[in-house]
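Q: Based on what follows, work out the 3D shape:
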Amino acid sequence: MIDPLYVASGFGVGLLVGMTGVGGGSLMTPLLILLFGIHPATAVGTDLLYAAATKTGGSVVHGWSRSVHWPAVLRLACGSIPASGLTLLVLWKLDLRGDSERNLVNIVLCFALLLTATSLIFRKSIMERYRKRLERVDERTTAIATVVTGIVLGVLVSISSVGAGAVGVTVLLLLYPRLPMATIVGSDIAHAVPLTLVAGVGHWALGDVDWALMGVLLLGSLPGIIVGSFSATRVPEPVLRLVLASVLFVVAGKIMFAELNLSSAIVTALAWSH
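A: Residues are numbered from 1 along each chain as shown. Take a look at the predicted model:
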C-alpha cells in the first residue's frame with residue numbers, strides 16, 4: 001500500500017528543488033526523521049540515493065546546455081569521493097547502532113542544516129565582502145581550496161546527506177567569481193551526483209537504505225521537480241531563499257531540541273539507576 005503522505009512529501013520537496021535549485025533537497029532527511037519517525041541512518045541512506053536519482057536528471061540538462069565547469073567538478077570530486085569512502089569506513093568500523101548512531105547523525109545534520117540556511121541568507125553579503133579579494137587568488141590556490149571544500153562536503157554529506165547544495169554553491173561562487181550563476185549551479189549538481197551515489201551505495205552496504213520508501217518518494221518528487229522548474233520564474237528568488245532558510249532553522253532547532261531532551265532523559269535515567 002502506497003502512503004499518499006510520502007508521495008505528497010516527495011512532491012513538496014521536488015517542487016522546492018525545482019523552484020530554488022538549491023537547498024530544497026536538504027528538507028528530505030529531516031522530514032523523514034521528524035514527520036515519519038524513520039531512523040536517522042535509514043533516512044540519510046535513503047535520501048542519498050534519492051538525491052542521486054533526482055540530481056542525475058538535472059545534471060544531464062546542465063551538461064547538455066554546456067553549463068558545467070568540469071575542472072571545478074573534478075577538483076571537488078577528488079576531495080569528496082575519497083572523504084566519503086573514508087567516512088563510511090569509519091562509520092562501519094565504529095559499528096554504531098541504536099542511540100549512538102542516531103545522536104551522531106542528528107548532530108551532524110543540525111550543523112549541515114544551519115550551514116545551509118546561513119549560506120542561503122548571507123550568500124549575498126559574503127559575496128560582496130570577499131569576492132573582490134578572491135578574484136586575485138592564483139589558480140593553484142583555487143584548485144587546492146576546491147579539493148579541501150570537496151573533503152568537507154564529502155564528510156558532511158556522507159553522515160547527514162545535507163550540504164552538497166547550498167553550501168557547495170556558496171563556496172563555488174567565492175572560488176570561481178568569474179563563472180556565471182547557471183554554471184555554478186550546474187557544476188554543483190554535476191558534483192552532487194557521484195558524491196550522493198557513492199555515499200548512498202556505502203549506506204546501502206551498511207544496510208541503511210529503504211528501497212520501497214525511496215521508490216514512493218521518487219514517484220512524488222519527479223513531477224514536483226518538473227512543476228517547480230516551470231514555476232521558479234514566477235516567485236521572486238530572495239523570498240524563496242528566505243522562506244527556505246527559515247524552515248531549515250526551525251527544523252534544525254527541532255532536531256537539536258529533541259536531541260538535548262533525549263540526552264537529559266538518558267542522564268536522568270543513569271543517575272536514578274545509580
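
Q: Distance of the spatially most central residue of the chain relative to residue 155?
A: The centre of the chain sits closest to residue 162, judged by CA atoms, centre = their mean, with a distance of 2.5 Å. Counting by CB to CB, to the nearest Å, the gap between residue 162 and residue 155 amounts to 12 Å. (Glycine included, C-beta is placed from N, CA and C.)

Q: cool, residue 193 as well?
A: Counting by CB to CB, the gap between residue 193 and residue 155 amounts to 18 Å.

Q: Next: residue 84.
A: Relative to residue 155, residue 84 is positioned 8 Å away (criterion: CB to CB).

Q: Neighbour count for these two, which is higher?
A: Between residue 84 and residue 155, counted using other CB atoms under 10 Å, residue 84 has the larger neighbour count: 30 against 21.

Q: What's the separation between the more buried one and residue 33?
A: According to CB to CB, residue 84 and residue 33 sit 21 Å apart.

Q: Give me the neighbour count for residue 226.
A: Per other CB under 10 Å, the neighbour tally for residue 226 reads 14.

Q: Can you tell me the closest non-neighbouring residue to it?
A: Leaving aside its chain neighbours, residue 226 sits nearest to residue 18 (6.7 Å; criterion: CB to CB, 6 or more residues apart in numbering).

Q: host element of the one you found?
A: Residue 18 belongs to helix 4-20 when assigned by DSSP states H and E.

Q: quick one: average pLDDT of that helix?
A: Per-residue pLDDT values over helix 4-20 give a mean of 81.

Q: List the buried residues of that helix.
A: Of the residues in helix 4-20, those scored as buried under the neighbour-count criterion (16 or more other CB atoms under 10 Å) are 6-7, 9-20.

Q: what are the ranges of the helices in the stretch 151-274 of the chain?
A: Along the stretch 151-274 of the chain, counting by DSSP state H, counting those that start in this stretch, helices occupy 166-175, 181-205, 211-231, 237-273.

Q: need the contact list for residue 173.
A: By CB atoms under 8 Å, 6 or more residues apart in numbering, the contact list for residue 173 reads 123, 127, 131, 181, 184.

Q: Which one (most neighbours) among the residues you listed?
A: residue 184 (24 neighbours).

Q: That residue touches residue 169, doesn't it?
A: Yes: the criterion here is CB atoms under 8 Å, and residue 184 meets it with residue 169 at 5.8 Å.

Q: give me the number of residues near residue 129?
A: Residues within reach of residue 129, counting by other CB under 10 Å, total 11.

Q: quick one on the thing from earlier: export the buried residues of helix 4-20 as a markdown table, with columns for distance to residue 147.
A: Converted to a markdown table, the buried residues of helix 4-20 look like this (distance: CB to CB, whole Å):
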| residue | distance to residue 147 |
| --- | --- |
| 6 | 37 |
| 7 | 39 |
| 9 | 35 |
| 10 | 34 |
| 11 | 37 |
| 12 | 35 |
| 13 | 30 |
| 14 | 31 |
| 15 | 34 |
| 16 | 30 |
| 17 | 27 |
| 18 | 30 |
| 19 | 31 |
| 20 | 27 |
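
Q: which of the contacts of residue 173 lies closest to residue 238?
A: residue 123 (10.4 Å; CB to CB).

Q: So for the closest one, what's the nearest residue that isn't a sequence neighbour?
A: Leaving aside its chain neighbours, residue 123 sits nearest to residue 170 (5.2 Å; criterion: CB to CB, 6+ apart).

Q: Ok, residue 252 next?
A: Nearest residue to residue 252 in three dimensions, chain neighbours excluded: residue 113, at 4.0 Å (CB to CB, 6+ apart).

Q: What angle do helix 4-20 and the helix or strand that contains the one you found make with each other?
A: According to DSSP H and E, residue 113 maps onto helix 99-134. If you take axes from the mean of the first three to the mean of the last three CA atoms, to 10 degrees, helix 99-134 sits at 10 degrees to helix 4-20.

Q: Low-confidence regions, the stretch 1-150 of the chain specifically.
A: Across the stretch 1-150 of the chain, the stretches falling below the confidence threshold (pLDDT under 70) are 1, 20-25, 57-59, 61-65, 96-98.
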